[in-house]
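need coordinates for the following:
(2 chains)
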Amino acid sequence: MDVTTSLSKEQLTKMYYDMWIIRNFEENLLDLYQKNLAYGGMHVSVGEEAIAVGACANLKREDTIVTSHRGHGHCIAKGADLKGMMAELLARKDGLCKGKGGSQHIVDMSVGVLGAQGIVGAGCGIAVGSALSFKIRGQKNVCVNFFGDGAANTGSFHESLNMAALYSLPVVFICENNGYAVSTSFARSTKIDKISVRAGSYGMPGVTIDGNNIFEVYKTVGEAVERARQGDGPTLIEAVTYRWYGHYVGDPCTYRPPGELERWKEKDPILFLEKYLLANKLCRQEEIDGLKAAAGKAIAEALDYALASPEPEPADLFTDVYFEK
Amino acid sequence: MRQITMAEAINEALREEMRKDPNMFILGEEIGLRGGAFTCTKGLMEEFPGRVLDTPISESAIAGAAYGAALTGTKAVAEFMFSDFSFIAMDQIINSAAKSRYMFGGQATIPVVFRMSSGSGRQQAAQHSQSLEVLYAHIPGLKVIMPSTPYDAKGLLKAAINDYNPVVFLEPRVLYFKKGEVPEQEYTIPIGKGDIKRSGEDVTVVATGVMVERSLAVAEKLGREGISVEVIDPRTIRPLDTELIVASVKKTGRLIVVHEAPRTYGMAGEIIALVMEQAFDYLNAPPQRVAGHDVPIPYNRNLERLAIPLEEDIEAAVRKSLKYAF
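Sure thing, here's the model as predicted:
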């Protein structure tokens, strides 16, 4: 079945809108970072939006995700509160983590966002735990774990994939191979061409897809999610993509060969969907412009909310270290 | 009262809690079919199918899975056969479990227990004999427990399972098969409450794990000479029952802290600092550390014996304290 025909206009425009939300959110952050309103370790996923949106479009509210240090997009796509997220990035009291987690620890348990992780590879084990919890409780839910190509070389990745396969757990491992682990290129860190081939050694299906093609992402993840829901175990999906802004905000990206970024910008995942919507006459240009404007407005509102939120109090330093009955 | 071993007490604690909570599970190496390297989980796989998971040798994934499940509200107890192996899992124990409530702004409760056998005494040398309680106790967000009796092990493990904070539970390996009184009826012991194992007037000895019974033996011996030693087992390394210790020192004026773990940057240093801050004026002698030597645990039986405090070391410290005059 052609996935493009199985998606309604409503679904497609929502995907388009969500990708713009993510891009606007992160491009605003770049500006806020310049103004020193957001600070610290900040990793944006501009150029990778199709993976977050295409994957999460297959999930229910009760399904969970575990993401990495580059997780804004995944959190947004899973439905994390935008205002709370923006306030968190601005280190405010009304942030999802009360200003104490920041970019690398965004969490919104109410929609199954189990947290971004600052330690590369750690999320794989945590996803196994969430899936184990679903299995023990007899829930037909799925955990999706997003991580990068760097994580695929950690011990946690290997241990977790083996364990997930061994217990037939409902996890979908999505490796966003954006070509670089910090500044070390994929070719300089990994002997094989495709991370997905590792799936076979753990006894699960593995596939490499174009991570900038939202239809391919949606369809592949959808099949993996369904497989997991039916109790048939995990899948490893390698989604090949590219991050436009380097590893961290401010990364001069001197390690990139000339022309590489430009080539990838031509494969902009948002533009890809936009062209599809226009070419197939699913949307008129005015609708496209309207969706873009609406996304910009939503981010502006989130920013207003965040800027109006106070800084944490000094006494907040000591709260939430332990749960107290 | 009936007498059971610490391994049996731990087994009962797990069994009782798993009976109460149909979603609670345990995982670790060798814990299912084999019943645990030290028999702590014997029979549980049969009683709780699907909730006792034999894992591959994957400490990182064991800890990650336990934490991840706990994060979604499912109680989990992970077993590490030797505490030394938990180093591989430390990222998940420390970076994930200990910090997530705080870094998630209070959005998470983490009902997970990381059980691990601890300490020397079985000629298993440097990578199977460490005492790591202070490494974990140094981390805000973790609770750290080290019982010295079957009774304490059972009550504290049950409390740990129901604590909703990540707990590192260190079980002194040489105590697994020693018996002690444990009542038939259910009970828990509050985390953070120390126990006066023997009351005394002249010297306070704070001891943990294996050192509790050694300190008690010394107290018994000196008692026959008319020297009255109070032996306190904090049981919980973090949070520490500072109040109990300080009150005892205010009474005796003398303090000796005994632990198996190496001396430098150890628990004794911390407890003595707390007493100096809170009861300095009550001291009649300098507090002393009686601790493991700053060496990896050796294989040779005699060298291993000498690596950690002996009864005569504790006794000498008590006598030295009593002789001291300002």
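
quick check: residues of the stretch 151-300 of chain B near chain A?
Within reach of chain A by C-beta under 8 Å from any C-beta of the partner chain, the stretch 151-300 of chain B has these residues: B:163, B:164, B:165. Every C-beta, even on glycine, is put in place using the N, C-alpha and C of the backbone.

need those in CSV (columns: secondary structure, pLDDT and neighbour count).
Output for these, formatted as CSV (DSSP: H, G, I helix; E, B strand; the rest coil; pLDDT from 0 to 100; neighbours: other C-beta atoms under 10 Å in any protein chain shown):
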residue, secondary structure, pLDDT, neighbour count
B:163, coil, 97, 24
B:164, coil, 96, 19
B:165, coil, 98, 22
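
can you add distance to residue B:110 and give those residues back as CSV?
Shown next, in CSV, are these (distance: C-beta to C-beta, whole Å):
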residue, distance to residue B:110
B:163, 9
B:164, 7
B:165, 6
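
quick check: the residue nearest to residue A:252 when sequence neighbours are not counted vs chain B, distance?
Distances taken as C-beta to C-beta, 6 or more residues apart in numbering or on different chains place residue A:246 nearest to residue A:252, at 7.3 Å, with adjacent residues excluded. Residue A:246 is 24 Å from chain B, where distance means C-beta to the nearest C-beta, to the nearest Å.

ok, residue A:246 to residue B:41 distance?
48 Å (C-beta to C-beta, to the nearest Å).

give me the more crowded residue out of those two.
residue B:41 (28 against 19; other C-beta atoms under 10 Å in any protein chain shown).

I'd guessed the more buried one sits against residue B:32; true?
Yes: here residue B:41 reaches residue B:32: they are 7.2 Å apart, a contact under C-beta atoms under 8 Å.

mind listing the shared neighbours of those two?
residue B:52 (C-beta atoms under 8 Å, 6 or more residues apart in numbering or on different chains).

burial of residue 309, as a residue count?
In the absence of a named chain, chain A is used. Neighbour count of residue A:309, defined by other C-beta under 10 Å: 20.

oops, wrong one, chain B.
For residue B:309, the count of nearby residues is 23 (other C-beta under 10 Å).

for the residue of the stretch 101-250 of chain B found nearest chain A, give its distance to residue A:126.
Going by C-beta to the nearest C-beta, chain A is nearest to residue B:105 of the stretch 101-250 of chain B, at 3.5 Å. Counting by C-beta to C-beta, the separation of residue B:105 from residue A:126 is 18 Å.

so which bits of stretch B:262-277 are buried?
B:262, B:263, B:266, B:267, B:268, B:269, B:270, B:271, B:272, B:275 (16 or more other C-beta atoms under 10 Å in any protein chain shown).

wait, stretch A:26-38
Quick answer for stretch A:26-38 (16+ other C-beta under 10 Å): A:26, A:28, A:29, A:32, A:33, A:37, A:38.

show me the contacts for the fourth one.
Think residue A:32. The contact partners of residue A:32, by C-beta under 8 Å, 6+ apart, come to A:38, A:89, A:90, A:303.

check contacts around the first one.
So the one you mean is residue A:38. Applying C-beta under 8 Å, 6+ apart to residue A:38 gives the contacts A:29, A:32, A:89, A:90, A:91, A:103.

check the third one too.
Residue A:90 makes contact with A:32, A:37, A:38, A:306, A:307, A:309, according to C-beta under 8 Å, 6+ apart.

tabulate these (a markdown table), appending pLDDT and secondary structure.
Conversion of those to a markdown table gives the following (pLDDT from 0 to 100; DSSP: H, G, I helix; E, B strand; the rest coil):
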| residue | pLDDT | secondary structure |
| --- | --- | --- |
| A:32 | 96 | helix |
| A:37 | 96 | coil |
| A:38 | 96 | coil |
| A:306 | 98 | helix |
| A:307 | 98 | helix |
| A:309 | 98 | coil |
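
pick the one among these closest to chain B.
Of those, the one sitting nearest to chain B (C-beta to the nearest C-beta) turns out to be residue A:309, at 12.7 Å.

what's around residue 311, how many residues?
You didn't pick a chain, so chain A it is. As a burial measure, residue A:311 scores 11 neighbours (other C-beta under 10 Å).

other chain: chain B
Residue B:311: 15 neighbours (other C-beta under 10 Å).

got it, and residue A:2?
For residue A:2, the count of nearby residues is 8 (other C-beta under 10 Å).

contacting residues around the closest residue in space to residue B:131 that isn't next to it in sequence?
Once flanking residues are discounted, residue B:131 sits nearest to residue B:261: 3.7 Å by C-beta to C-beta, 6+ apart. Contact analysis of residue B:261 by C-beta under 8 Å, 6+ apart lists B:130, B:131, B:132, B:133, B:134, B:267, B:291, B:292.

show me those residues that map onto strands.
B:291, B:292 (DSSP state E).

same list (the contacts of residue B:261) but as CSV, adding distance to residue A:200 and pLDDT.
Converted to CSV, the contacts of residue B:261 look like this (distance: C-beta to C-beta, whole Å; pLDDT from 0 to 100):
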residue, distance to residue A:200, pLDDT
B:130, 38, 98
B:131, 42, 98
B:132, 38, 98
B:133, 42, 98
B:134, 44, 98
B:267, 48, 98
B:291, 51, 98
B:292, 48, 98
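
which one among the contacts of residue B:261 gets closest to residue A:22?
Using C-beta to C-beta, the shortest approach to residue A:22 within these belongs to residue B:132, at 42.4 Å.

alpha carbons of stretch B:200-217, in CSV - could you do that?
Extracted C-alpha coordinates of stretch B:200-217, given in CSV (Å, rounded to 0.1, in the frame of the first residue of the first chain):
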residue,chain,number,x,y,z
GLY,B,200,26.7,1.7,76.9
GLU,B,201,28.0,4.7,78.8
ASP,B,202,31.7,5.0,78.2
VAL,B,203,32.4,5.0,74.4
THR,B,204,30.3,5.2,71.3
VAL,B,205,31.2,2.8,68.5
VAL,B,206,29.4,3.4,65.2
ALA,B,207,29.8,0.4,62.9
THR,B,208,28.3,-1.0,59.7
GLY,B,209,27.9,-4.3,58.1
VAL,B,210,30.3,-7.0,59.2
MET,B,211,31.9,-4.6,61.6
VAL,B,212,28.7,-4.5,63.8
GLU,B,213,29.2,-8.1,65.1
ARG,B,214,32.9,-7.5,65.6
SER,B,215,32.2,-4.3,67.6
LEU,B,216,29.6,-6.2,69.6
ALA,B,217,32.2,-8.9,70.4
